[in-house]
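In: Turn this into a structure:
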Amino acid sequence: MVGAFHDWHPMYIKGTGHSEGEGCEHIFSSSNELARSTRHATPFHRHQAIEQHFAFWDDDKYAALSTFLRNHYREALEAIRTLTAELSAQEREYLDGLKQPSLKNQLSIRYVEVLNELVERQQEWNLAREAANHSLVDIHTGSFNDMHIALNQARVRVDTAYSKLQNTEVLVGHMEIQLGIDKRWEIGSENYNLFQQEAGLLRYRAVLDELERLVVMRLFELSKLSLSGTGQ
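Out: Numbers count the residues shown, from 1 in each chain. Reported below is the predicted structural model:
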C-alpha cells in the first residue's frame with residue numbers, strides 16, 4: 001500500500017518493481033514504542049534509549065538481510081514468469097500500445113511541432129513590422145521624445161521577433177538534415193497531417209496517463225482508509 005498523499009506511485013517510476021515506498025514509515029512505526037519509556041526520562045537516558053533502539057534495529061535488519069534478498073529475488077523471478085501469462089489479450093494490447101514511437105517518428109513529430117512554431121514566429125514578425133510602420137500615427141507632431149520612445153519600442157519588438165524567427169528557421173533546417181528531408185513539408189500535406197495527428201495522440205495519452213495516475217492514487221488511499229467501495 002502506498003501513501004497517495006505523497007503524490008507519486010511506484011508503477012510510474014522505472015526500477016522500483018514492487019517496492020511500496022514506505023521504508024521510513026516502518027522505522028517510524030517501530031520507534032513510536034519509545035514514547036512511553038522516554039516521555040519522563042532525563043535527556044541523557046532519552047538519548048541513550050533512542051540510540052540503543054536504532055542500533056538494535058540496524059543489527060536486526062542486517063542479520064536478516066540475506067534472507068530478505070533471497071526471498072525478494074525469488075518473488076521477482078516468479079512475478080516475471082507469471083506476469084505475462086496472467087495478462088489478458090486486451091491488457092497485453094493496451095500495454096503494447098503504451099510503447100514509445102521510434103526515434104525517427106519522434107523526430108518527425110517534433111519536426112511538425114517546429115513547423116507550427118515557425119508559422120507562429122512568421123506571423124509575430126509580420127505583426128511587429130506592421131506595428132512599427134504605424135508606430136508614429138498616434139504621436140503628436142513635434143513630440144520628439146515620444147517619437148523616440150515609440151521608435152525604440154518598435155525596433156526592439158521587430159528585432160526580438162526576427163531573432164526568434166531566425167532561431168526557429170535554424171532549428172527547422174537542422175531537423176530536416178537529421179530526417180533527410182529535401183523539400184520542406186507544407187502545412188496540410190500528407191506527411192504533416194499524419195504526424196500532426198500522432199502528436200495529438202501523444203498529448204492525449206499523456207493526459208490519460210496523468211488521469212490514471214490520480215485515480216490509482218485515490219483508490220489506494222481509500223483502500224488504506226478502509227473506504228474503498230463506499231462511493232456512488
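
In: Not counting its neighbours along the chain, what's nearest Tyr111?
Out: Met175 (4.7 Å; C-beta to C-beta, 6 or more residues apart in numbering). (C-beta placed from N, C-alpha, C; glycine too.)

In: what helix or strand is that neighbour on?
Out: Secondary structure from DSSP states H and E places Met175 in helix 144-179.

In: Output the contacting helices and strands for that helix.
Out: helix 103-133 (3 or more C-beta pairs under 8 Å, 6 or more residues apart in numbering; DSSP states H and E).

In: what's the angle from the helix it packs on to helix 144-179?
Out: Angle, helix 103-133 to helix 144-179, by axes from the mean of the first three to the mean of the last three C-alpha atoms, to 10 degrees: 160 degrees.

In: quick one: buried residues of helix 103-133?
Out: Neighbour-count burial for helix 103-133 flags 108-112, 114-115, 117-118, 121, 124-125, 128, 132 (criterion: 16 or more other C-beta atoms under 10 Å).

In: Quick check: of the residues you listed, which lies closest to Glu75?
Out: Ile109 (38.9 Å; C-beta to C-beta).

In: from what I can see the closest one touches Phe195, true?
Out: Yes: when contacts are counted by C-beta atoms under 8 Å, Ile109 is listed as touching Phe195 (5.1 Å).

In: distance of Arg203 from Leu171?
Out: Arg203 is 20 Å from Leu171, where distance means C-beta to C-beta, to the nearest Å.

In: Looking at the two, which has the bigger crowd around it?
Out: Set Arg203 next to Leu171 and count neighbours by other C-beta atoms under 10 Å: Leu171 wins out with 15 against 10.

In: pretty sure that one is in contact with Val114, am I right?
Out: Yes: using C-beta under 8 Å, Leu171 is in contact with Val114, at 5.5 Å.

In: tell me the SS of Ile183?
Out: Just so we're on the same page, residue 183 is Lys rather than Ile. For Lys183, the assignment made with DSSP: H, G, I helix; E, B strand; the rest coil gives coil.

In: Next, give phi and psi for it.
Out: Lys183 adopts backbone torsions of phi -120, psi 130, taken as degrees, to the nearest 10.

In: Quick check: what element follows whichever strand or helix holds Ile27 along the chain?
Out: Using DSSP H and E, the element containing Ile27 is helix 23-31. For helix 23-31, the following helix or strand on the C-terminal side (DSSP H and E) is helix 34-38.

In: Please consider this matter closed, and thank you.
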